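Asker: Let's see this in three dimensions:
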Amino acid sequence: MPCFRCGARQTDPVRGASPWRRGVRADHQVLVCPCCQTAHDWADDLDSCAACGSVALVCRLGEVECRDCGHTREAVRDDPRPADLVPSSAGPRDDRGLSEEVAAALSRVLRRGPAG
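Answerer: Numbering: from 1, shown residues only. I've put the predicted structure just below:
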């Protein structure tokens, strides 16, 4: 899943906590990359909890839950995947290298030689 603000794809994580942040936008789970988190208004586009105002939300199994206060509600989705989850300013997605990235990741996981 790419960053909803810039479209960057997550790379293989190093051990420890991920620098990427989860959030909910239009009742869909989204990710925010570390670069976009440096913007002072990065959380303004995320949904917030109706009970406490936090943006620490997760969407799973048709529900949106606040990780701060525990408030849950049903996820309401008019569109299965809103087109505006990746802003047009991010430009068109470039998936040309995606198959190579997937092959390399599978090779690492399955302990094969380099993908070729």
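Asker: just the helices in this structure please.
Answerer: Assigned by DSSP state H, the chain shows helices spanning 34-37, 98-109.
Asker: Quick check: which of the ones you listed is nearest to Cys6?
Answerer: Comparing these by their distance to Cys6 (C-beta to C-beta), the top pick is helix 34-37, with 5.5 Å. The C-beta positions use only the backbone N, C-alpha and C, and glycine is treated the same way.
Asker: distance of Ala56 from Met1?
Answerer: In this view, Ala56 and Met1 are 18 Å apart by C-beta to C-beta, to the nearest Å.
Asker: higher neighbour count, these two?
Answerer: Taking neighbours as other C-beta atoms under 10 Å, Ala56 and Met1 compare with Ala56 leading, 18 against 12.
Asker: which residues sit in contact with that one?
Answerer: Gly23, Cys49, Cys66, Arg67, Asp68 (C-beta atoms under 8 Å, 6 or more residues apart in numbering).
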